[in-house]
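K.L.:
Got a sequence here, can you build the structure:
(2 chains)
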Amino acid sequence: MFSEIWIPVAGLGGLGLLFGLGLAIASKKLAVAVDEKEEALKAIMPGANCGGCGYPGCEGYAAALASGEADPSLCPVGGPVLMEQIAEILGVEAQAGAAKVALVRCHGARDLARDKHNYHGVQDCFAASLFQEGAKACAYGCLGLGTCVRACPFDAIHVNEDGVAVVDEDKCTGCAKCADACPKNLIDMVPKDLPVKVLCHSEAKGKAVKVICDVGCIGCGLCAKVCPVDAIEMKNNLPVIDNDKCIGCLLCAEKCPTNSIAADLENRKKAVIKEDACIGCTVCKKACVFDAIEGERKEPHVVVADKCTGCGQCVEKCPKDAIDLV
Amino acid sequence: MDYIKELVFIVIGAILINNFVLSRFLGICPFLGVSRKVSTAMGMGMAVTFVMAMASLITYIVQYAVLEPLGIEYMQTIAFILVIASLVQLVEMVIRKASPGLYQALGVYLPLITTNCAVLGVTILNIQEEYDLLQTVLHGIGAAIGFTLAIVLLAGIRERLDRADVPKAMQGFPITLIIAGLMAVAFLGFQGLIG
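P.N.:
The predicted structure follows:
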């Protein structure tokens, strides 16, 4: 009678014990060295799984980092803070990778860029662009139906009242989801805090642009001519700015006849030399590409306010930190 | 010769005639859950094949070496669940060690198989049909191939369905269940394959 209970208990218990032991031994023998670094990296990942780094999700990026394939600066969500943490775990120096933000290369507001028809279909840029490339007369322009807004996981891009998408640079993490979503391909990922930004990507010829949009780039090339450091090159009727060469003098934005280049001209600064700190070394004079600094050797130099563009080249070069931008 | 013929019948029977998903209605959960893409369905099928073959073999040994001598055949279900659960764990460890590539491909699906009733179903059917060892293993493999066939077919249909204009109320699982039902009806056509 008693055996009816203990035989199954012992039988199944024994089986369980046997399998348990087998698994215990197996887990010891077959233990795969899990990379401690990888675990630590997984823990600090933001977990947005946005794919902005180019790897499949945060885990994929952590694995790639641990194996040394990936650069610590790739995560757009974590930014410089995360980059430092990653560098600490990996024991490498963090190179300051410039944070990227999305830039909508169109500012053809409703009254500036004309429509060629009234669109009443599905309120989505993809759907709209299927019919005659969208309602805008300009085939390159922002349709303003918010496909990018819906793609943004961070609420960082919105369509303004003029029907053009605008990026909130404070919220933008640079994950490039909006850029992928835009059927017009007019969202580019650019370094944050660029001094000048080209806000048009119409490759059409000048006259064709002029007829349909008041603020479109007509490809006149004035910006390229005026650039003192040859940082602008005209390609397909559009200026391409070499950000490494650009010194931020904003001359191109000033000269652009259609205001296609955006720059913060209102808060433009001027260089001012502190007289008592200047030793008259002439370094700033040589550095200035606008001849905006005058003065004799060993005499305090002065900035010619009319010529100064506030690019800050002299500030960087001055050995005595005697120049301020105000 | 008759024996070989029997083996062939067992395999073909498990794949087509008594397809585990579409005719016995076992393993419906992964059938619906992991059939969004052909590639993942294929991965799941491979993992199930592996586990079913192993589980058939080991449950056979457990049944005839442990349960029967002790006279506790009524504990079959619990014992087999024990076998399958530990087996999946072991398989996961082995694959992880031996082939990281395969682990990457199967890794996510392996733990899911622990609760796949098709695996338990095949092991219990093996005993009910009184198969010998070779027949048991072949039946396990055949059943798994049948499962893979069904899930990959469904995944292929579902991939196309994503682009189809399905009425709103039918989108997602409703239309999938109808398709699964139609597939089951279609598989009924294999009923007379082996006379």
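
K.L.:
where do the strands sit along chain A?
P.N.:
A:100-104, A:157-159, A:165-167, A:187-191, A:196-198, A:232-235, A:238-241, A:261-263, A:271-273, A:293-294, A:302-303, A:323-325 (DSSP state E).

K.L.:
What strands flank the first one, and is each parallel or antiparallel?
P.N.:
Here strand A:100-104 has these sheet partners by DSSP bridges: strand A:187-191 (antiparallel).

K.L.:
How far away from the center of its chain is the partner strand?
P.N.:
In terms of C-alpha atoms, centre = their mean, to the nearest Å, the gap separating the centre of strand A:187-191 from the centre of its chain is 5 Å.

K.L.:
Let me see the contact set for B:Ile15.
P.N.:
B:Ile15 makes contacts with B:142-143, B:145-146, B:149, as judged by C-beta atoms under 8 Å, 6 or more residues apart in numbering or on different chains. For glycine as for every other residue, the C-beta is placed from the backbone atoms N, C-alpha and C.

K.L.:
helix, strand or coil for it?
P.N.:
helix (DSSP: H, G, I helix; E, B strand; the rest coil).

K.L.:
looking at chain B, which helix or strand is least sure?
P.N.:
Least confident element among the helices and strands of chain B, by mean pLDDT, DSSP states H and E: helix B:100-106 (a mean of 70).

K.L.:
which strands and helices sit next to that helix?
P.N.:
For helix B:100-106, the helices and strands in contact under the criterion 3 or more C-beta pairs under 8 Å, 6 or more residues apart in numbering or on different chains; DSSP states H and E are helix B:38-62, helix B:76-98.

K.L.:
can you tell me if the first one touches chain A.
P.N.:
Spelled out, that is helix B:38-62. Yes - interface with chain A: helix B:38-62 contributes B:Val62 (C-beta under 8 Å from any C-beta of the partner chain).

K.L.:
likewise the last one?
P.N.:
Yes - for helix B:76-98, a contact with chain A is found by C-beta under 8 Å from any C-beta, at B:78-79, B:82-83, B:86, B:89-90, B:93-94, B:96-97.

K.L.:
what's the angle between that helix and helix B:38-62?
P.N.:
120 degrees (axes from the mean of the first three to the mean of the last three C-alpha atoms, to 10 degrees).

K.L.:
list the helices and strands helix B:76-98 packs on?
P.N.:
Using 3+ C-beta pairs under 8 Å, 6+ apart, helix B:76-98 sits against helix A:3-29, helix B:38-62, helix B:100-106, helix B:110-113, helix B:117-128.

K.L.:
Throw the contacts of B:Ile15 into TSV and include secondary structure, distance to chain A and pLDDT, thanks.
P.N.:
Shown next, in TSV, are the contacts of B:Ile15 (DSSP: H, G, I helix; E, B strand; the rest coil; distance: C-beta to the nearest C-beta, whole Å; pLDDT from 0 to 100):
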residue	secondary structure	distance to chain A	pLDDT
B:Gly142	helix	26	94
B:Ala143	helix	23	93
B:Ile145	helix	27	94
B:Gly146	helix	28	94
B:Leu149	helix	29	94
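
K.L.:
For the residues you listed, pick the one with the most neighbours.
P.N.:
B:Ala143 (34 neighbours; other C-beta atoms under 10 Å in any protein chain shown).

K.L.:
Pretty sure that one sits against B:Ala14.
P.N.:
Yes - at 4.4 Å, B:Ala143 counts as touching B:Ala14 under the criterion of C-beta atoms under 8 Å.

K.L.:
Mutual contacts of these two, please.
P.N.:
B:Phe20.

K.L.:
how many neighbours does the residue in the stretch 201-326 of chain A positioned nearest to chain B have?
P.N.:
The stretch 201-326 of chain A approaches chain B most closely through A:His201 (30.6 Å), counting by C-beta to the nearest C-beta. Around A:His201 there are 22 other residues, counting by other C-beta under 10 Å.

K.L.:
And for the one 4 residues further on?
P.N.:
Other residues lying near A:Lys205 total 11 when counted by other C-beta under 10 Å.

K.L.:
Then A:Trp6?
P.N.:
10.

K.L.:
For the helices and strands packed on helix B:76-98, give me TSV that also has distance to A:Val104.
P.N.:
Putting the helices and strands packed on helix B:76-98 into TSV (distance: least, C-beta to C-beta, whole Å) gives the following:
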stretch	distance to A:Val104
helix A:3-29	53
helix B:38-62	35
helix B:100-106	38
helix B:110-113	43
helix B:117-128	52
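
K.L.:
returning to that earlier point: now which of the residues of helix B:76-98 next to chain A would you call buried?
P.N.:
B:79, B:82-83, B:86, B:89-90, B:93, B:96 (16 or more other C-beta atoms under 10 Å in any protein chain shown).

K.L.:
ok, those vs A:Pro183, which is closest?
P.N.:
Set against A:Pro183, the nearest of those by C-beta to C-beta is B:Arg96 (42.7 Å).
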